[in-house]
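1. I'll drop the sequence and a predicted model, then ask my questions.
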Amino acid sequence: MTILKAASVKKTSSDREALRVYPVTTKLTKEERNAVTKFTESHGIARGQWIRDVILAQLQSTSRNNAALAEVLGIRLLLVNVLRPLAAGQRLTPETFDKLLDEIGTAKYELAEKLTSERRR
């Protein structure tokens, strides 16, 4: 019983900090290091904590950027696939439009991921 209670207790910030055992390093010029130190001191943040926060925020930002890119690509795909037939004088039935929306809904995320990974190379 005691073991179950201990496992369900919410971890404190000091507990989480104790689990941070994998260092990630980088090299900075003297000027860059001084700029980081000056910035963190002026904000009352430990330099290592600020660097950690920036790294983790960047990871989350990439995910948000992919979602935004996917939506923009979805709009572009919709416009191209709706305007092309209309410009050629063809009709677009509601069923065709709905099917197009479904296809775009799944394809836009795959396309956004593909474009993002190609840009990283």
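-> Structure received.
2. past the longest helix anywhere in the chain, which element shows up next along the chain?
-> For the chain, the longest helix by residue count, based on DSSP state H, is helix 47-87. Next along the chain after helix 47-87, taking DSSP states H and E as the criterion, comes helix 94-120.
3. okay, and the helix or strand of the chain with the least pLDDT?
-> Every helix and strand in the chain was compared by mean pLDDT, DSSP states H and E; the lowest is helix 2-8, with a mean of 46.
4. re earlier: so which elements touch the longest helix of the chain?
-> Counting contacts by 3 or more C-beta pairs under 8 Å, 6 or more residues apart in numbering; DSSP states H and E, helix 47-87 is packed against helix 30-42, helix 94-120. From N, CA and C alone the C-beta is placed, and that goes for glycine too.
5. list the buried residues of the longest one.
-> Of the residues in helix 94-120, those buried under the neighbour-count criterion (16 or more other C-beta atoms under 10 Å) are 100, 104, 108, 109, 111, 112.
6. just for the protein, where's the confidence low?
-> Residue ranges of the chain with pLDDT under 70: 1-11, 13-14, 16, 61-63, 119-121.
7. make it 80
-> The model of the chain has pLDDT under 80 over residues 1-18, 20, 60-65, 116-121.
8. now the longest helix of the chain: how far from the chain's centre is it?
-> Distance, stretch centre to chain centre, for helix 47-87: 8 Å (C-alpha atoms, centre = their mean, to the nearest Å).
9. next one: stretch 76-91
-> 31 Å.
10. ok, residue 51 touching residue 33?
-> No. If you go by C-beta atoms under 8 Å, residue 51 and residue 33 don't touch, sitting 11.0 Å apart.
11. what residues are up against residue 36?
-> Residue 36 is in contact with 28, 47, 50, 51, counting by C-beta atoms under 8 Å, 6 or more residues apart in numbering.
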